[in-house]
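1. What follows is a predicted structure for the sequence shown.
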2 protein chains.
Amino acid sequence: MRGQKEKLTIKQVAEAAGVARSSVSRAFTRPEMLSPETVRRVLHAAEKLGYVPNQTARALSTGRHGNVALIVPDIANPFFPPLIRAAQMEADRSDFCVFLGNSDEDPKQEDKLVGRFVGQVEGLILASSRLSDERIRAHAAQRPLVLINRDVEGIPRVLIDSGSGVREAVAHLAELGHQHIVYVAGPVTSWSNKQRRLAVRKSAERLGLKVDIVPAIVPSYDAGREAVTAIMTTGATAAIAFDDLTAQGILAGLADRKINVPGQFGVIGCDDVLGAATYPSLTTVSNRSVEAGKAALSLLVELLQSQSARDIRYVLDTHLVVRNTTIVHKE
Amino acid sequence: MRGQKEKLTIKQVAEAAGVARSSVSRAFTRPEMLSPETVRRVLHAAEKLGYVPNQTARALSTGRHGNVALIVPDIANPFFPPLIRAAQMEADRSDFCVFLGNSDEDPKQEDKLVGRFVGQVEGLILASSRLSDERIRAHAAQRPLVLINRDVEGIPRVLIDSGSGVREAVAHLAELGHQHIVYVAGPVTSWSNKQRRLAVRKSAERLGLKVDIVPAIVPSYDAGREAVTAIMTTGATAAIAFDDLTAQGILAGLADRKINVPGQFGVIGCDDVLGAATYPSLTTVSNRSVEAGKAALSLLVELLQSQSARDIRYVLDTHLVVRNTTIVHKE
DNA sequence: CTGTTAGCGCATTCAC
DNA sequence: GTGAATGCGCTAACAG
């Protein structure tokens, strides 16, 4: 129970238990190979001394470190924390420690992080990677790698299909009588953005709506707010934004101009990261990020155990969540 | 440039460069001990082969792993992501990898995480730890440890003092002519809540304002919204909420009742977790979580380098951020 | 079942 | 300045 500063090794335990060092090792990793009596004695001695196996030495010897890395573009983007949390909890169930990396939306930084982590993890998860396909493939060749929201053939991936939700969004606007809408786009490198833009285009076309695209460059409140000028000049009566933050900015911009929402203009976000915690509460597309984080982690663990190499593509669909920025409804 | 699956060791590099293994090692860790020519040759060979030092072996040999752990109660709580991000970036500057742990508000889980991490990190950071003082002390005895928002004597700690910002908030309301305000309280067990409540009380008293306390039990959007009934019956003309989420709920509740903000009623939040991403944008108290994360990390790194053991207590004060829920002002 | 031995890849004395 | 040898703590054959 003492807070010994001295470093205990397998050796002291072996001596204390009167067995060989290898037996101590086995008592911890494969007790079934030892007689119950020996196991008991070793564990008892270890407990008494306060011995705990050195993870580093173990890793050097086995090549297994019991760690995984999760890299995201921006921890502060509300889309990711729930995903990270879910991945964490899943990792915990398999006794994995998780390194977290923040690429800051920068491919170079992401590459650097992968390099830093790769030496001490079993596998990695790249969420919304900003890396090129080649770099991703290169890294995947070194270590098991699973992607979230990035569709690279041959690499195990978990995709949140916002297309389904976006299609519902367009249909919703059409039903409300809108004839001309605008999609406020996100980062050009974003897989999700591409997917959403296409979904808006196709659905609108099918339903006979006119659609314009307004770029917001980076997805943020400010970008959304500034995009309002461009949005209004299109003559559209509703907007679907790349994400909720952008949608929020749009709401602010509209309010600046005394344009009533949803009366004069409808707004739909994406990712449902703000909950109903705004006024008016935002109509948006659900995100499934929790499931994605959990699925990615367990998929990685699975790959680690059974070296299966089949092409896995796990898709999560989304749905429209109707709140008050498209239609006034009851509590 | 090849994606060699074969594991390169210091040995292959040594052979390729025509030097001893120790020279290769030195070329990477203490080039100044070698002739520039040798260093160049080694580095060149290493580059050509795509060699990268094995972090694990290095750690086993030196005892230094180049990792730190950061444990928070809840990643999904918007207070933490910016803190985590800042810590990350600071760690990056010192070439540290960071393990992230989510205790899920559970002391047992937190303890377990520390145990899992402690073997492969130089030091730890515990943010808003739910551990008992004893457990914290016990862990601090094993490894350098720094606390965020936890005041344990003798353990290096970074504290965010929300009192200063709250005092400014009250003064701000007084200046605007408010004579009667209400504090919408958070969890009774929260140290921050206590600190904020006291600050409101004292400042109000000093400035001659009347103040009522309205409980919100759990800090949330819904709680804030529901608290509006109680708030309005007090006859106050402004409210300071325990946190931004609660403040948001209050805004929604006021809007439901067609009460104009800030015209008829002023609202101030706390923690500035929503940025300006709401409409009207929320006047709030800054949280300094970014500085806290950064400070904690650099403090830890500092402790790691110079084994100084003096009692460090780093306090960050907060300030009022005036936006549009207390006063209408220009862009 | 259990003890002995040989590395895992690197940093680090100690000689040269 | 550079090379050879030792050990970090543990696991994994290999014997017995």
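-> Yep, that arrived. Note that the structure is predicted; figures quoted are calculated from it, not measured.

2. quick one, helices of the stretch 51-200 of chain A?
-> A:55-62, A:80-93, A:107-118, A:133-142, A:162-175, A:191-207 (DSSP state H, counting those that start in this stretch).

3. again with the stretch 201-331 of chain A
-> Read by DSSP H, counting those that start in this stretch, the stretch 201-331 of chain A holds these helices, from start to end of the chain: A:221-234, A:244-256, A:289-305.

4. now the first one against helix A:244-256, angle please.
-> By that I understand helix A:221-234. For helix A:221-234 against helix A:244-256, the angle between stretch directions is 60 degrees (axes from the mean of the first three to the mean of the last three CA atoms, to 10 degrees).

5. on that earlier part again, need the winner for burial among the helices of the stretch 201-331 of chain A.
-> helix A:244-256 (a mean of 25; mean count of other CB atoms under 10 Å in any protein chain shown). C-beta here means a position set from N, CA and C on the backbone, and glycine is covered the same way.

6. hmm, that one touching chain B?
-> Yes: Helix A:244-256 reaches chain B (CB under 8 Å from any CB of the partner chain) through A:L245, A:Q248, A:G249, A:L251, A:A252, A:A255.

7. Of all the helices of the stretch 51-200 of chain A, which one is nearest DNA strand D?
-> Closest of the helices of the stretch 51-200 of chain A to DNA strand D is helix A:55-62, at 3.3 Å (criterion: CB to the nearest atom of the strand).

8. counting contacts, what elements does that closest one pack onto?
-> The contact analysis (3 or more CB pairs under 8 Å, 6 or more residues apart in numbering or on different chains; DSSP states H and E) places helix A:55-62 against helix B:55-62.

9. quick one on the thing from earlier: next, format the helices of the stretch 51-200 of chain A as a markdown table and append mean neighbour count and mean pLDDT.
-> Output for those, formatted as a markdown table (neighbours: other CB atoms under 10 Å in any protein chain shown; pLDDT from 0 to 100):
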| stretch | mean neighbour count | mean pLDDT |
| --- | --- | --- |
| helix A:55-62 | 18 | 95 |
| helix A:80-93 | 23 | 96 |
| helix A:107-118 | 18 | 95 |
| helix A:133-142 | 16 | 94 |
| helix A:162-175 | 22 | 97 |
| helix A:191-207 | 19 | 95 |
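
10. Out of those helices, the one nearest DNA strand C is which?
-> Of all those, helix A:55-62 sits nearest to DNA strand C, with 3.7 Å by CB to the nearest atom of the strand.

11. quick one: contacts of the closest one?
-> A:R64, A:H65, A:G66, A:Q120, B:N54, B:T56, B:A57, B:A59, B:L60, B:H65, B:G119, B:Q120 (CB atoms under 8 Å, 6 or more residues apart in numbering or on different chains).

12. Identify the farthest-apart pair in those.
-> Taking CB to CB as the measure, those span a maximum distance of 17.5 Å, between B:N54 and B:G119.

13. Find the nearest non-adjacent residue to A:L198, please.
-> A:G163 (7.4 Å; CB to CB, 6 or more residues apart in numbering or on different chains).

14. and that neighbour, how far is that from A:A174?
-> In this view, A:G163 and A:A174 are 16 Å apart by CB to CB, to the nearest Å.

15. How about A:R310?
-> Applying CB to CB to A:R310 and A:A174 gives a distance of 40 Å.

16. Kindly report the same for A:S306.
-> 47 Å.

17. for A:A20, what are its contacts?
-> Per CB under 8 Å, 6+ apart, neighbours of A:A20: A:A14.

18. Tell me the pLDDT of it.
-> Per-residue confidence at A:A20 stands at 94 (pLDDT).

19. Next one: it from A:R30, what distance?
-> Distance, A:A20 to A:R30, using CB to CB: 15 Å.

20. Kindly report the same for A:R58.
-> Shown here: A:R58 relative to A:R30, a distance of 13 Å by CB to CB.

21. burial of A:D106, as a residue count?
-> The tally of other residues near A:D106 (other CB atoms under 10 Å in any protein chain shown) stands at 13.

22. check contacts around the residue nearest to it when sequence neighbours are not counted.
-> Closest residue to A:D106 apart from its sequence neighbours, by CB to CB, 6+ apart: A:R130 at 6.9 Å. By CB under 8 Å, 6+ apart, the contact list for A:R130 reads A:P73, A:S103, A:E105, A:D106, A:P107, A:E110, A:T189.

23. Show me which of these is closest to chain B.
-> Comparing these against chain B with CB to the nearest CB places A:S103 closest, at 10.1 Å.

24. residue contacts, the nearest residue in space to that closest one that is not next to it in sequence?
-> Excluding the flanking residues, the one nearest A:S103 by CB to CB, 6+ apart is A:E110, at 3.6 Å. By CB under 8 Å, 6+ apart, A:E110 lies in contact with A:I71, A:P73, A:G101, A:S103, A:L126, A:S129, A:R130, A:L131.

25. Show me where the stretch 151-300 of chain A dips below the pLDDT cut-off.
-> A:277 (pLDDT under 70).
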